[in-house]
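Engineer: test case, fold it:
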Amino acid sequence: MKKIVSVFLSFAITAVCLAGCSDKTKPNADDPVTLTMWHVYGSQTRSPLNDAIDEFNDTVGRENGVTVNVVSVTSSSAIDKALYASANGEPGAEELPNLFTAYPRVAEIVGEDKLLSWNSYFSAEELALFRDDFISEGYFGEALLMLPIAKSSEGLFLNKTLFDRFSAETGVSADDLKTFDGFFETANIYYDWSGGRNFTQINDFYNYAYIGMKAYGGEFIKNGKLNLNDEAFEKVWLTLSKAAIYGGICLDDGYAASRWKTVEIISNIGSTADILYQPEMVFYPDNTTENITSVSLPYPMFAADKPVAVHRGGGLFAVRSDDERKNYGAYIFAKWLTEKESNLSFVTNAGYLPVTDEAFAALFADTGIAEKDSYQNLYDMMSGMMDTYELHALPIYSNASDIQSRFEQNVKLVLRFAHNQYVARTSNGEDKEAVLNELAAFSLEELKKLCDKDIRG
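Structural biologist: The predicted structure is shown next:
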């Protein structure tokens, strides 16, 4: 009902706006505007969104007097911090960009009153083309502040070349990776087989906990706070913590793709857009190299009868300008980027999902739209997930960005300490299973204390 009301309201607003818009309030080739932009697509490699923007600037943008100037390509956490600094006028902070991509949580950081309502420019018919489950996340009350331009889920990326070698000697198989129980057990077997190397990296422990609790019927966030005393959290924590304490999971900061290159890990769980960063060659400590094949596998299941995964990805925000030409120019760009052909070209070069019903259906009717074999493999895998998995968007609440960041830090802190304790104590002859169980329970209580301390300040 909320979506229906929003669509009708947007139609009314758009009709009033467009009826009152004169040529003086629209950019054109003789009276152009330049829009600055910060985004996250391709911060470690060539950016598919920059390629799309170049095409826009050379075609529709040029015809309509709109140029999009990318000022920064970075991570979502870095954009959060930069937006906070800009919105609060901190010394040395950059001016707020005209356009930026981010998660819904930034609306609180920037201030909803400073953001452009896309439904003041998109017509009801245009908004109806978007997938409901993607566009609904961008509404704040009746204002559509975040426009979906690309969405993703999460999956498991695997260095098949090295995994096959490991599999041949140990008997484990890719089937063991279908559930988290099997995944974590495999991680520990690999740790022993490899002489102490991590098997995997989980890019977002927050997402793991959130979706794991969904699988077990719990809620990770209650009343805007972490709900760590729920039995469901204990279930998802103990299996994770035992594998991390044993040594199978990387607990260092930084990008998984970098560790793939140097064989510090041979898998990771993260956004399906991680395909953009997967290397085709690895480097060994002795300076030798090896070409590898990687595969995309479904997000491991917590409970076989309820496969769940995160539906993730931010969207496009525009800072409302006193110059109406810039507001309208933002609409021209956003409309072009979300049209079928433009959107398919962008997302299939970045490992994302298109945002309209028509483009979504076209991709999964023919995954060959993606040019690279590895991307086709990804979309074939995602097609199966779309059919069987229940997808959940991350919750929006006050201070969500800070709470998520602190949770990630606290998880790594307690598990690093527990892992070091495990290595030291078992090296001195203590029983491995007893120490592992003790430290898993200890880490849970320590995590609760740290997170509770953060809440109380």
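
Engineer: stretch 90-102: how far from the chain's middle?
Structural biologist: Centroid separation between stretch 90-102 and its chain, computed with CA atoms, centre = their mean, to the nearest Å, is 21 Å.

Engineer: that should have said stretch 95-115, apologies.
Structural biologist: 17 Å.

Engineer: could you list the buried residues of it?
Structural biologist: Using 16 or more other CB atoms under 10 Å as the burial criterion, the residues of stretch 95-115 that qualify are 96-110, 115. In short, each C-beta sits where N, CA and C put it, glycine included.

Engineer: next one: stretch 290-298
Structural biologist: Using 16+ other CB under 10 Å as the test for burial, stretch 290-298 gives 292, 294-298.

Engineer: closest to Trp193 among those?
Structural biologist: Among these, Ile292 lies closest to Trp193 (CB to CB), at 17.7 Å.

Engineer: show me what contacts the closest one?
Structural biologist: Residues near Ile292 by CB atoms under 8 Å, 6 or more residues apart in numbering: 159-162, 279-282.

Engineer: let's see it at 7 Å
Structural biologist: 159, 161-162, 280-282 (CB atoms under 7 Å, 6 or more residues apart in numbering).

Engineer: from what I can see Met381 touches Tyr299, true?
Structural biologist: No - if you go by CB atoms under 7 Å, Met381 and Tyr299 don't touch, sitting 9.6 Å apart.

Engineer: mutual contacts of those two, please.
Structural biologist: Gly155.

Engineer: pull the longest helix from the chain.
Structural biologist: helix 400-427 (DSSP state H).

Engineer: circling back: which of Met381 and Tyr299 has more neighbours?
Structural biologist: The neighbour count for Met381 versus Tyr299, taken as other CB atoms under 10 Å, is higher for Tyr299 (25 against 20).

Engineer: burial measure for the nearest residue to that one once chain neighbours are set aside, as a count.
Structural biologist: Among residues not flanking Tyr299 along the chain, Ala309 sits closest, at 4.2 Å (CB to CB, 6 or more residues apart in numbering). For Ala309, the tally of surrounding residues (other CB under 10 Å) stands at 24.

Engineer: now swap in Lys261 and tell me
Structural biologist: 17.

Engineer: is it true that it touches Val282?
Structural biologist: Yes - between Lys261 and Val282 there is a contact under CB under 7 Å: 5.9 Å.

Engineer: can you tell me which helices and strands the helix or strand hosting Ala362 packs against?
Structural biologist: Applying DSSP states H and E as the criterion places Ala362 in helix 357-365. With contacts defined as 3 or more CB pairs under 7 Å, 6 or more residues apart in numbering; DSSP states H and E, helix 357-365 has these neighbours: helix 340-347, helix 373-388.

Engineer: export the ones you listed to CSV and tack on mean pLDDT and distance to Asp253?
Structural biologist: As requested, these are exported to CSV (pLDDT from 0 to 100; distance: least, CB to CB, whole Å):
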stretch, mean pLDDT, distance to Asp253
helix 340-347, 96, 28
helix 373-388, 92, 26
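
Engineer: quick one, which of the ones you listed is nearest to Phe317?
Structural biologist: In terms of CB to CB, the element of the helices and strands packed on helix 357-365 nearest to Phe317 is helix 340-347, at 17.3 Å.

Engineer: need the helix or strand of this structure with the lowest average pLDDT.
Structural biologist: Lowest by mean pLDDT, DSSP states H and E among the helices and strands of the chain is helix 2-20, with a mean of 41.

Engineer: so after that one, what's the next helix or strand?
Structural biologist: Downstream of helix 2-20, the next assigned helix or strand under DSSP H and E is strand 33-39.

Engineer: run through who's touching that following strand.
Structural biologist: The contact list for strand 33-39 (CB under 7 Å, 6+ apart) reads 27, 49, 65-73, 79, 82, 97-101, 325-326, 329-330, 333.

Engineer: can I get that strand as PDB, trimmed to CA atoms?
Structural biologist: The C-alpha coordinates for strand 33-39 follow below in PDB (Å, rounded to 0.1, in the frame of the first residue of the first chain):
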ATOM      1  CA  VAL A  33      25.500  22.100 -16.200                       C
ATOM      2  CA  THR A  34      28.200  19.900 -14.600                       C
ATOM      3  CA  LEU A  35      27.300  17.500 -11.800                       C
ATOM      4  CA  THR A  36      30.000  16.200  -9.500                       C
ATOM      5  CA  MET A  37      29.700  12.600  -8.300                       C
ATOM      6  CA  TRP A  38      31.200  10.200  -5.700                       C
ATOM      7  CA  HIS A  39      30.600   6.500  -6.200                       C
END
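
Engineer: partner strands of it and their direction?
Structural biologist: Strand 33-39 sits in its sheet next to strand 66-73 (parallel), strand 99-102 (parallel), going by DSSP bridges.

Engineer: now these as CSV including mean pLDDT and distance to Leu226?
Structural biologist: Converted to CSV, the strands paired with strand 33-39 look like this (pLDDT from 0 to 100; distance: least, CB to CB, whole Å):
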stretch, mean pLDDT, distance to Leu226
strand 66-73, 94, 31
strand 99-102, 95, 22
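
Engineer: for Asp133, give me its contacts.
Structural biologist: His311.

Engineer: which of the three states applies to it?
Structural biologist: The three-state label given to Asp133 by DSSP: H, G, I helix; E, B strand; the rest coil is helix.

Engineer: so for it, what's the pLDDT?
Structural biologist: On the pLDDT scale, Asp133 is placed at 86.

Engineer: could you point out which element follows the longest helix of the chain?
Structural biologist: Once the chain leaves helix 400-427, the next helix or strand it forms, by DSSP H and E, is helix 432-456.

Engineer: do I have it right that Ala273 meets Asn349?
Structural biologist: No - using CB under 7 Å, Ala273 is not in contact with Asn349, being 10.5 Å away.

Engineer: looking at those two, which has the bigger crowd around it?
Structural biologist: Higher neighbour count among Ala273 and Asn349: Ala273, with 25 against 21, using other CB under 10 Å.

Engineer: for the more buried one, which non-adjacent residue is closest in space?
Structural biologist: In space, and not counting its chain neighbours, Ala273 is closest to Gly351: 4.2 Å by CB to CB, 6+ apart.
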